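Asks: Predicted model follows, preceded by the sequence.
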Amino acid sequence: MEERIRVIVAGPGPGGPEPSAEVVARALRDAGMEVVYTGLGQSPEQFAATLVQEDADALGVAVADEAHVAAVTRLVTLLREQGIDDVALFAAGPVPGDAAAELERLGMGQVFEPGSAPTEIVAWVRSRLTQ
C-alpha cells in the first residue's frame, strides 16, 4: 500500500490570501493527500515545529506581501539550520517584485503566482515526492 503524502498548508502573520490557501488545501486533499491546514497567523518557528511534529512531506505557504516573504525567508533558513532538507516547500500568492526568484534561490522549491491552477500545485507536489 502506498503511503499518503502529508502536506501542511499555512500562512505567515495576520491577513493574507486565506481563500487561496483554502482552495489549495482542498485541492491537495481531493487529490488523496493528507492535509493539515493551520490557517493564517503562523510564525516561521511554528511552521518548522508543525512540520516536524506532523512528520509532513511538504509545506505550502500563502504569501501576499513583503512581510510574508520575510517570514518565508526565515522559515527556509530555520529548516536549513535544523537539517530539514527532504521536505517539498512551495509558496503561492502574489509574491512582490523579484522575491519569487530569491525564495527559490534560498531553497523554496516552487513559487506559484496568482492564476496558477490548483491542479498545477497538486502535480508539482506529487512529482517532487514520488521521484
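Replies: Arrived safely, thanks for sending. Residues are numbered from 1 along each chain as shown.

Asks: Direction included, what does the strand or helix carrying residue 41 pair up with?
Replies: Counting by DSSP states H and E, the element that carries residue 41 is strand 34-42. Neighbouring strands of strand 34-42 in its sheet, by DSSP bridges, are strand 6-12 (parallel).

Asks: Quick one: mean pLDDT over the partner strand.
Replies: For strand 6-12, mean pLDDT is 88.

Asks: Please enumerate residues in contact with it?
Replies: Strand 6-12 is contacted from outside by 17-18, 21, 24-25, 28, 33-44, 47, 50-51, 54-64, 67-68, 71-72, 75, 125, using Cβ atoms under 8 Å, 6 or more residues apart in numbering. Every residue, glycine included, has its C-beta placed from N, CA and C.

Asks: and if you look at stretch 95-104?
Replies: With contacts defined as Cβ under 8 Å, 6+ apart, stretch 95-104 is touched by 63, 65, 66, 69, 72, 73, 76, 91, 110, 111, 113.

Asks: And the buried ones among the contacts of strand 6-12, selectable in ChimeraX?
Replies: Selecting only the buried entries of the contacts of strand 6-12 in ChimeraX, with 16 or more other Cβ atoms under 10 Å as the criterion:
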select :17,21,24,25,28,33,35,36,37,38,40,42,44,47,50,51,56,57,58,59,60,61,62,63,64,68,71,72,75,125
